[in-house]
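Asker: 3D model of this:
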Amino acid sequence: MNRLLGKFVLAITLGATVLFWYFYYALYFKWRDCFNDEGRCFDGETGTVYLEQSGMVWLSLAVFSSCILLFQVWRMAR
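Answerer: Below is the predicted model of the structure:
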């Protein structure tokens, strides 16, 4: 039962990691050359404003969840 719970938590963590890295790419990395002095980027096609500060938030979440994922994989391999 404990091994099954570990696999479930591993799958959830993997999903969160992929999701956070996708948000980092879609909401910051793709637009990194577009930001002005105020840290904003306006996409005229979709009418969306992207904020430069969101890059640090998504990157922090992505790195943190990646570390947790690597720790869980290491622990499952033992």
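Asker: can you give me the pLDDT of Phe71?
Answerer: Among the per-residue scores, Phe71 shows a pLDDT of 95.
Asker: what sits closest to the residue most central in space within the chain if chain neighbours are left out?
Answerer: When the chain is reduced to its mean C-alpha position, the closest residue under CA atoms, centre = their mean turns out to be Phe20, at 1.9 Å. Taking CB to CB, 6 or more residues apart in numbering, and ignoring the residues beside it in sequence, Phe20 has Ala62 as its nearest neighbour in space, at 3.9 Å. Where C-beta positions appear, they are placed from N, C-alpha and C, glycine not excepted.
Asker: helix or strand for that neighbour, which one?
Answerer: Take DSSP states H and E as the rule and Ala62 turns out to sit in helix 53-77.
Asker: and that helix, what does it pack onto?
Answerer: In terms of contacts (3 or more CB pairs under 8 Å, 6 or more residues apart in numbering; DSSP states H and E), helix 53-77 is packed against helix 2-27.
Asker: now do the helix it packs on, average pLDDT.
Answerer: Averaging pLDDT along helix 2-27 yields 93.
Asker: give the next helix or strand downstream of that helix.
Answerer: Proceeding C-terminally, helix 2-27 gives way to strand 40-43 as the next helix or strand, assigned by DSSP H and E.
Asker: can you give the strand pairings for that next one, parallel or anti for each?
Answerer: strand 48-51 (antiparallel) (DSSP bridges).
Asker: which residues touch the residue lying closest to Arg32 once chain neighbours are set aside?
Answerer: Counting by CB to CB, 6+ apart, Gly55 is the residue found nearest to Arg32 once chain neighbours are left out, at 7.3 Å. Taking CB atoms under 8 Å, 6 or more residues apart in numbering as the contact definition, Gly55 lies against Tyr24, Leu27, Tyr28, Phe29, Arg32.
Asker: now swap in Phe35 and tell me
Answerer: Contacts of Phe35 were listed using CB under 8 Å, 6+ apart, and they are Cys41, Tyr50, Glu52.
Asker: what's the burial count for the second one?
Answerer: Looking back up the chat, that one is Tyr50. Tyr50 has 20 neighbouring residues, counting by other CB atoms under 10 Å.
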